[in-house]
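In: Okay, structure incoming, though there's no sequence with it:
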């Protein structure tokens, strides 16, 4: 069962934070770091040519390397060129960079930025790797795009589904992103998403490298979008549900307009605790117009325990599709009334026709009400007889009678009329009620029964069907006329 969202009163509160304490605010900290550490005017690579790539300017920076816009000579096109920083060129970092290039090369999907080329460049005594990938000019983060384009709630979810397709594609090839956040999901001018920055992605077969990085104390991911297990004692212990959690945070931002919990003013050492222990603010407490189903999907995706989340991004996406199609979601099974309401909304014409048929059936069933009432009375009488009976024999007889009636019904269903009649005749007369007469009428369609004495040898009906001639042994012949008299 997915975690339920807490009420506003249950929100995490640490009180006043000492202004001198170290705080974590990714949105401002990253910009300040970039401004203080990288400047396009003084960057050592701007204006230079590496291989067939002429570097124009820097467009981004990270822990391992910088990303530049560059012009490729053959074919002539703009690319995003990622180069390892010389100061970060440790053996582990170089291995990680090579892994990122290899991962992107194996991920051929329209929703993932494509790798065009890779190589190495000498800088002093250090051989620095680089790779060129698809450049997305004029792109915006998924949250900025949704706000700028005034996307509806449904439009935002449709866009997120495209992202889910790309991430699930990566999972199918053994790649867990581990750093999904709005700035790593770029939306093109045509409204198509591109997942970028696989610098901390986990790939099947990379365990030893990953353990080495973990032992250095390096945090893998971005706290606001990291899963609780990424903030735990063993950040290496992750699976595809880590990306489910991060996508849940992004969906929360798209639906609510803010993060599930604020990191502003939180001391750095407390930030992982907030991720692990603080439940998200209920979306509907911020925006009551958010559908209950959306809140339930978010609650499941943002569960603190992996076991309570969606098992895969595909399963997460499927529930979003169910919501968009007015179908019952799996995050929390809806009530029968809720299922009926969703069906009516999804199939309005069929539902209206069903109402007409239902009303017609009501009129037809009215004639059966008396029989049902009598049946209920008989049932109560039989129950009272059973309760008040003191004899095991009476109880056994009643059970035998009930069982025989069931056998008769089964025989009728199988068109075994003789067997049904045989079992009916074998019942105790003292227990026979309306149900016996009802079943007797079903198995016996005779116009009448007349005693003729000895067993007849021949039966012949008259041409007009008004009489029957019966021949017995010897010469005696009997005729039964339409008045049911034996002549």
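Out: Cool, got the structure. Note that the structure is a prediction, hence the values are computed from the model and not measured.

In: how near is residue 249 to residue 314?
Out: 18 Å (Cβ to Cβ, to the nearest Å). To be clear about C-beta, it is placed using only N, CA and C from the backbone, and glycine gets the same treatment.

In: what about these two, which has more around it?
Out: Legend: neighbour count by other Cβ atoms under 10 Å for residue 249 and residue 314, higher for residue 249 (25 against 17).

In: now that one, nearest residue through space, not along the chain?
Out: residue 225 (4.9 Å; Cβ to Cβ, 6 or more residues apart in numbering).

In: Roughly how far does that neighbour sit from residue 180?
Out: In terms of Cβ to Cβ, residue 225 sits 6 Å off from residue 180.

In: what do those two both touch?
Out: 246, 250 (Cβ atoms under 8 Å, 6 or more residues apart in numbering).

In: Spit out the contact partners of residue 280.
Out: 5, 252, 260, 261, 298, 299, 302.

In: Now it. Nearest residue, chain neighbours left out?
Out: Closest to residue 280 by Cβ to Cβ, 6+ apart is residue 260, at 3.3 Å.

In: what sits against that neighbour?
Out: 249, 252, 280, 281, 302.

In: what's the answer for residue 71, then?
Out: For residue 71, the contact set (Cβ under 8 Å, 6+ apart) comprises 53, 54, 56, 77, 78, 79.

In: which secondary structure element contains the last one?
Out: Per DSSP states H and E, residue 79 falls inside strand 77-84.

In: Residue 326 - how many residues pack around it?
Out: If we define neighbours as other Cβ under 10 Å, then residue 326 has 14 of them.

In: Which SSE is immediately downstream of the longest helix seen in the chain?
Out: The longest helix of the chain (DSSP state H) is helix 392-413. Following helix 392-413 in sequence order, the next helix or strand is helix 417-425 (DSSP H and E).

In: and the angle from that next one to helix 392-413?
Out: Interaxial angle, helix 417-425 versus helix 392-413 (axes from the mean of the first three to the mean of the last three Cα atoms, to 10 degrees): 160 degrees.

In: Name the residues that touch helix 417-425?
Out: Contacts for helix 417-425 (Cβ under 8 Å, 6+ apart): 404, 407, 408, 411, 412, 436, 439, 440, 442, 443, 444.

In: now the third one: how far from residue 272?
Out: It refers to residue 408. In terms of Cβ to Cβ, residue 408 sits 71 Å off from residue 272.

In: Same check on the fourth one?
Out: The span separating residue 411 from residue 272 equals 71 Å under the rule Cβ to Cβ.

In: again with the second one
Out: Taking Cβ to Cβ as the measure, residue 407 and residue 272 are separated by 69 Å.

In: Does the most centrally placed residue in the chain fall in a helix, a strand, or a coil region?
Out: When Cα atoms, centre = their mean is applied to the chain, the residue found nearest the centroid is residue 319 (3.4 Å). Following DSSP: H, G, I helix; E, B strand; the rest coil, we place residue 319 in the helix state.

In: what residues are up against the nearest residue to it once chain neighbours are set aside?
Out: Counting by Cβ to Cβ, 6+ apart, residue 329 is the residue found nearest to residue 319 once chain neighbours are left out, at 4.8 Å. Residues counted as contacts of residue 329 (Cβ under 8 Å, 6+ apart) are 293, 296, 297, 319, 322, 323.

In: what are the ranges of the strands in this structure?
Out: All strands of the chain, identified by DSSP state E, fall at 49-50, 53-61, 65-72, 77-84, 115-123, 126-134, 140-141, 175-176, 185-187, 193-195, 202-203, 458-461, 468-471, 477-480.

In: Good, wrapping up.
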